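Asker: I'll drop the sequence and a predicted model, then ask my questions.
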Amino acid sequence: MKAVYISQPGGPEALEIRNVPAPVPGPGEVLIDVVAAGLNRADVQQRKGYYPPPAGASEVPGLEVSGRIAGFGPDVAKPFSVGDKVVALLGGGGYAEQVAVPAGQVLRIPDGVDLVTAAALPEVAATVYSNLIMTAQLQPGETVLIHGATGGIGTMAVQLAKAFGAKVATTAGTAEKVSTATAFLGADIAINYAEEDFDESLRAQNGGRGADVILDVVVAKYLKQNVDALADYGRLIVIGLQGGTKGELDLGKLLGKRAAIVGTALRPRPSEEKAVIMNAVRESVWPLVSDGTIRILVAKTFPLDQVRAAHEYFDSGEHMGKVLLVI
């Protein structure tokens, strides 16, 4: 089968397609014929050499796919049949024609979603639900600040938080993205971080109050402003390191607000935890996708043999929504 490998850490030119043996599903795993794979920031970080796959995961990048069930390993308990249309959350291996994955990380696609578009869902849905709802315990009426409104995580997080009754503030870097955040995604407050300090703007537009929950993919660069932007008893949930790994923290301010900072990552979690999260996604997120409450925003699709072009486009930051590889 064809699969994408990283020849050496670097830019998109480091991605190359190789012909390799197809995976063999092990105990409790299903084999999927991949139709499409989503690009994620983690793939870029892996390509650059900053985010190696967890122990036992494929070195092929790709954390989410859509496709059809092609076969089963021993002891698969979930009620799938060959040919079922599914999505899967992966530790790696998505940029390939086939992938083997624990059955607990596989879901049938939501009603009303085509098989290619469905590849935009599993990683972002699992990340957002597990962090906003399961970890941060976001409550109706609370204010949540989501950084990066129009990225894959942001587009899901804004809509899911709104569906759960939160007041949603978000940041974006251009006027067009700010407009998309409010007009398409439904954010209550959208802040252009290129033109104003988001912590001050949030309070100005939120009656002087900060955010009860902040979902952050930037971390170090935003650490001081994030703490400033927190309300009393606020929760800062860090899920990415786009702005660096080290920052200065005013512990006095954090203590004074009785606030918390939580760092989480989905990829290295054990399969049992991922299965719990995916089951929650099936029960709580899929109905919102099927009834149109959550809309899927796909920026662009690329065939697998144009994986370098896909990464170049992703790296440009121009996209709004998900970038997909079609196999």
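Answerer: Ah, there it is. Predicted, not measured: the structure shown is a model, and the values here were computed from it.

Asker: just the element for the residue nearest the centre of the chain, please.
Answerer: The residue lying closest to the centre of the chain (C-alpha atoms, centre = their mean) is Val124, at 3.0 Å. Remark: Val124 resides in helix 122-128, with elements defined by DSSP states H and E.

Asker: show residues contacting the helix or strand bottoming out on mean pLDDT in the chain.
Answerer: The helix or strand with the lowest mean pLDDT-type score in the chain, counting by mean pLDDT, DSSP states H and E, is helix 251-256 (a mean of 90). Applying C-beta atoms under 8 Å, 6 or more residues apart in numbering, the external contacts of helix 251-256 come out as Val227, Asp228, Ile261. For glycine as for every other residue, the C-beta is placed from the backbone atoms N, C-alpha and C.

Asker: for Val4, which non-adjacent residue is closest in space?
Answerer: With sequence-adjacent residues excluded and distances taken as C-beta to C-beta, 6 or more residues apart in numbering, Val4 is closest to Tyr95, at 3.7 Å.

Asker: tell me how far the one you found lies from Pro9.
Answerer: The span separating Tyr95 from Pro9 equals 16 Å under the rule C-beta to C-beta, to the nearest Å.

Asker: which one's more surrounded, the two?
Answerer: Shown here are Tyr95 and Pro9; by other C-beta atoms under 10 Å, Tyr95 has more neighbours (28 against 12).

Asker: give me every residue that touches that one.
Answerer: By C-beta under 8 Å, 6+ apart, Tyr95 lies in contact with Ala3, Val4, Ala37, Asp43, Val60, Pro61, Gly62, Leu304, Val307, Leu325.

Asker: list just the nearest of those to Ala149.
Answerer: Nearest to Ala149, judged by C-beta to C-beta, of the contacts of Tyr95 is Asp43 at 20.6 Å.

Asker: what's the first helix or strand after the helix or strand encompassing the closest one?
Answerer: Taking DSSP H and E as the definition, one finds Asp43 inside helix 41-47. Under the assignment DSSP H and E, the closest C-terminal helix or strand after helix 41-47 is strand 64-72.

Asker: describe which strands that following strand pairs with in its sheet and in which direction.
Answerer: According to DSSP bridges, strand 64-72 forms sheet pairs with strand 29-38 (antiparallel), strand 85-89 (antiparallel).

Asker: which among these is found nearest to His147?
Answerer: With C-beta to C-beta, the closest approach to His147 among these belongs to strand 29-38: 19.5 Å.

Asker: mean confidence for that closest one?
Answerer: Regarding strand 29-38, the rounded mean pLDDT is 98.

Asker: restricting to C-alpha, output it in PDB.
Answerer: The C-alpha atoms that make up strand 29-38 are tabulated as PDB, following Å, rounded to 0.1, in the frame of the first residue of the first chain:
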ATOM      1  CA  GLU A  29      -8.400  -4.100  16.100                       C
ATOM      2  CA  VAL A  30     -10.200  -3.400  12.800                       C
ATOM      3  CA  LEU A  31      -8.700  -2.800   9.400                       C
ATOM      4  CA  ILE A  32      -9.900   0.300   7.600                       C
ATOM      5  CA  ASP A  33      -9.600   1.200   3.900                       C
ATOM      6  CA  VAL A  34      -8.900   4.900   4.200                       C
ATOM      7  CA  VAL A  35     -10.900   7.300   2.100                       C
ATOM      8  CA  ALA A  36      -9.700  10.500   3.600                       C
ATOM      9  CA  ALA A  37      -7.400  11.700   6.400                       C
ATOM     10  CA  GLY A  38      -7.400  15.000   8.300                       C
END
